[in-house]
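[1] Provided below are the primary sequence and the corresponding predicted coordinates.
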Amino acid sequence: MKQSLSFYLTLLVIKLKGIKNDFSKDPIDINKIRKGDVHYPKNNFFRENHVSNFKVLDSLITEIKQEESSTNLLIFIHGGAFILGPSQHHWDTVKEIAKLTNYTIWMCDYPKAPEHKISEISNNIDAIYAKALQDYDSHKISLMGDSAGGTLVTALIQRLITENRDLPRKIILVSPVMDASMSNPEIVRVDTLDPMLSKKGVLSAKKMCVEKTDLKNRMISPLYGSFVGFPKTILFLAENDITYPDQKLVVDKLIAAKVDIQLVKGKNMPHIWPLLPIMKEAKVALREIIAILNK
């Protein structure tokens, strides 16, 4: 399939911004990459609709509600290698979902590494979901996470199953990071194709997040956990993404566990491509996410 002109323009913008270079350093320059953080949305859409904020533990939740009568909740766990975010592309994605679905959306700005470690971050995610269960029936709740947010969503589901707690109706994972150890030998090959991420920088960020250097802890590497009993799982994966090799292993585990899955593979696409601005392929993928939520 031939890529659009906007695809090549997006790759050029990624290159000019030096994102790959920033994610090729060890230690990664946290102060530099956090300059793109957007903790409060500034778009007119958010000023003109029902938007409020509340805290759950150390997490700031921004609630976007188009309809007061909405009974569906989407918990959005943003990515950012556990060290940054949310970014503008997360808010743009939330805006489009809010406009075209009847979901109330919780954008979850959780505590970040290195100031906070994975156990504390995970406790925050658990508390956010527990709060959601107080307000919504579990079958009315969906979760969506990109990159490290996909890690947190997947690990949450594993804990919920272990604890025999109510599961959400479905989860949507966009380029989820499934193994923080980056030990899959195929990653070295994909690193030469990935326009955005590099193993060196991503591994540096993960090391800032773990306790006792345990990079295979299931809280940060859900690949090593069980996938039996997972709810409907939708995966948007990108071929030119260093996180892709581990995602393929997870897909095999999900199939073996007989989980109801829907797989959308982006040929030649970069990391988190459905959330990227401008690109035609991203807009098509985001429309598919919205259609999945509306089913």
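    Yes, it's here.
[2] quick check: closest non-adjacent residue to His271.
    Closest residue to His271 apart from its sequence neighbours, by Cβ to Cβ, 6 or more residues apart in numbering: Asp241 at 4.4 Å. Heads up, the C-betas are built off the backbone N, CA and C, glycines and all.
[3] again with Gly79
    Ser147 (2.8 Å).
[4] picking that back up, how about the contacts made by the residue nearest to His271?
    Ser175, Val190, Asp194, Met196, Leu197, Met269, Pro270, His271 (Cβ atoms under 8 Å, 6 or more residues apart in numbering).
[5] ok so Met144 is a helix residue?
    No - counting by DSSP: H, G, I helix; E, B strand; the rest coil, Met144 is not part of a helix but strand.
[6] helices along the chain, start to end?
    5-17, 19-22, 30-33, 44-48, 88-100, 118-135, 148-162, 186-191, 199-209, 244-256, 280-294 (DSSP state H).
[7] identify whichever of those lies nearest to Val228.
    helix 148-162 (7.4 Å; Cβ to Cβ).
[8] what's the average pLDDT for that closest one?
    Averaging pLDDT along helix 148-162 gives 98.
[9] and the contacts of it?
    By Cβ under 8 Å, 6+ apart, helix 148-162 touches 76-82, 110, 121-122, 125-126, 129, 143-145, 166-168, 171, 173-178, 180, 218-222, 225-231, 250.
[10] of the residues you listed, buried ones?
    76-82, 110, 121-122, 125-126, 129, 143-145, 167-168, 171, 173-178, 180, 218-222, 225, 227, 230-231, 250 (16 or more other Cβ atoms under 10 Å).
[11] was I right about Leu167 contacting Pro231?
    Yes - using Cβ atoms under 8 Å, Leu167 is in contact with Pro231, at 4.8 Å.
[12] rewinding a little: okay if I get the helices of the chain as JSON lines plus distance to Val56?
    Output for the helices of the chain, formatted as JSON lines (distance: least, Cβ to Cβ, whole Å):
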{"stretch": "helix 5-17", "distance to Val56": "32"}
{"stretch": "helix 19-22", "distance to Val56": "30"}
{"stretch": "helix 30-33", "distance to Val56": "24"}
{"stretch": "helix 44-48", "distance to Val56": "20"}
{"stretch": "helix 88-100", "distance to Val56": "17"}
{"stretch": "helix 118-135", "distance to Val56": "5"}
{"stretch": "helix 148-162", "distance to Val56": "13"}
{"stretch": "helix 186-191", "distance to Val56": "34"}
{"stretch": "helix 199-209", "distance to Val56": "20"}
{"stretch": "helix 244-256", "distance to Val56": "27"}
{"stretch": "helix 280-294", "distance to Val56": "22"}
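[13] comparing these, which yields the minimum mean pLDDT?
    helix 44-48 - the lowest mean pLDDT of the helices of the chain, at a mean of 85.
[14] would you mind finding the most buried of the helices of the chain?
    helix 148-162 (a mean of 24; mean count of other Cβ atoms under 10 Å).
[15] quick one, that one and helix 118-135 angle?
    In terms of direction (axes from the mean of the first three to the mean of the last three Cα atoms, to 10 degrees), helix 148-162 departs from helix 118-135 by 70 degrees.
[16] to Lys55, which of the helices of the chain lies closest?
    Taking Cβ to Cβ, helix 118-135 is the member of these nearest to Lys55, at 10.1 Å.
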